[in-house]
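> please work out how this folds:
(one chain, ligands or ions: 1)
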Amino acid sequence: MKIAVTGKGGVGKTTLSGTLARLFAAEGRHVLAVDADPDANLASAVGIPENVYQNITPLAKMKDLAKERTGANGEPGSLFILNPKVDDLPERFCVEHQGVKLLTMGTVDKGGGGCVCSEHTLLKRLMQSLLIRQDDVMILDMEAGVEHLGRGTAEFVDALIIVVEPGRRSIQTARQIRRLAQDISIQNVFLVASKVREQADAEFIARSLPEFPLLGVISYHAPLVEADVEGRAPFDSGGGFLDEIRAIKNNLLLEIAKT
Ligand SMILES: Nc1ncnc2c1ncn2[C@@H]1O[C@H](COP(=O)(O)OP(=O)(O)OP(=O)(O)O)[C@@H](O)[C@H]1O
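Predicted structure coming up:
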């Protein structure tokens, strides 16, 4: 199953993506987490040590190696495999931590120096052509906002999760995302309410966006901010936060099973 996580900047997309990835991996599933945000920080949300993730080279900058190991060359019809062999390489476009393989896409190459496919074309092909079994999971942490949806990079997902925090701007972004998702015919669009401090926050979000099934609520957890400062994965904070994300994961699986 292919899942994309989107929403306004700073709402908690990466926190959710990284934690879902760890939870799915803890169930024994193959998990590929893809950081499609040019300001990449999914690695730390997965819990990958800084000295490891600093050495990851974005896929967009390692096309030859990526082609050899994944089949990916950005051309129509090229295939990607979920678990590329990467451990024997000094240079890395993919690392593995606690059962999660992480790939970073990198930024758009604007130099024009022989680049045949932009990051977004490559990403679109990845979504389209990834060889994936039903029990395997690919989680795409998208850049903030709506631009990527205009390019159709999430066109081939089984579920699009919009993360919303209490606030009108975040809700406005969710509405724009819904319109664009309809344009590219994404059927399963779900909502997660994030940074919720009280019941009224969750009610405000559900009332403002009644057309989306609400997968669950993530409370505002001050320890997550501390974990971010200290470079610890949200997953490793445990406690009530993890119970909330586990419930979201289970609801997501139920919703996808209905389709
Ligand atoms: N439920 C929460 N409670 C408290 N803090 C949170 C929560 N979720 C995320 N945060 C904090 O908010 C900040 C932004 O979170 P995160 O990076 O997950 O958001 P994002 O939507 O991916 O951001 P960006 O758009 O910049 O990629 C981080 O410091 C994170 O620790």
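
> which residues of the chain fall in helices?
13-26, 42-46, 50-53, 63-70, 119-129, 147-150, 168-183, 199-208, 222-230, 239-258 (DSSP state H).

> which of these has the lowest mean pLDDT?
Lowest mean pLDDT of these: helix 63-70, a mean of 64.

> need the helices of the chain in TSV (columns: mean neighbour count and distance to residue 36).
Just so you know, the C-beta spots here come from the backbone N, C-alpha and C atoms, and that holds for glycine as well. Below are the helices of the chain laid out as TSV (neighbours: other C-beta atoms under 10 Å; distance: least, C-beta to C-beta, whole Å):
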stretch	mean neighbour count	distance to residue 36
helix 13-26	25	10
helix 42-46	26	9
helix 50-53	13	16
helix 63-70	17	15
helix 119-129	21	6
helix 147-150	18	7
helix 168-183	17	15
helix 199-208	15	24
helix 222-230	13	20
helix 239-258	15	19
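
> apart from its chain neighbours, what residue comes closest to residue 25?
residue 99 (3.3 Å; C-beta to C-beta, 6 or more residues apart in numbering).

> so the one you found touches residue 27, yeah?
No. Look at residue 99 against residue 27 with C-beta atoms under 8 Å: they stay out of range, at 9.2 Å.

> which one's more surrounded, these two?
residue 99 (15 against 12; other C-beta atoms under 10 Å).

> what pLDDT is listed against the more buried one?
91.

> and it, what does it touch?
For residue 99, the contacting residues are 22, 25, 26, 28, 31, by C-beta atoms under 8 Å, 6 or more residues apart in numbering.

> turn the helices of the chain into CSV, columns for distance to residue 138.
As requested, these are exported to CSV (distance: least, C-beta to C-beta, whole Å):
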stretch, distance to residue 138
helix 13-26, 9
helix 42-46, 13
helix 50-53, 19
helix 63-70, 12
helix 119-129, 8
helix 147-150, 16
helix 168-183, 18
helix 199-208, 27
helix 222-230, 24
helix 239-258, 13
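
> re the thing from before, if I look at the residue nearest to residue 25, how far off is residue 180?
Residue 99 is 33 Å from residue 180, where distance means C-beta to C-beta, to the nearest Å.

> report the central residue of this structure.
residue 141 (2.2 Å; C-alpha atoms, centre = their mean).

> which positions in this structure make contact with the ligand?
7, 9-15, 37, 144, 194-195, 218, 220-221, 224-225, 228 (C-beta under 6 Å from any ligand atom).

> rounded mean pLDDT for the longest strand belonging to the chain, please.
Longest strand of the chain, by residue count under DSSP state E: strand 189-196. Average pLDDT, strand 189-196: 96.

> I'd like to check the angle between that strand and helix 168-183, please.
170 degrees (axes from the mean of the first three to the mean of the last three C-alpha atoms, to 10 degrees).

> helices or strands up against strand 189-196?
helix 13-26, strand 159-164, helix 168-183, helix 199-208, strand 214-219, helix 239-258 (3 or more C-beta pairs under 8 Å, 6 or more residues apart in numbering; DSSP states H and E).
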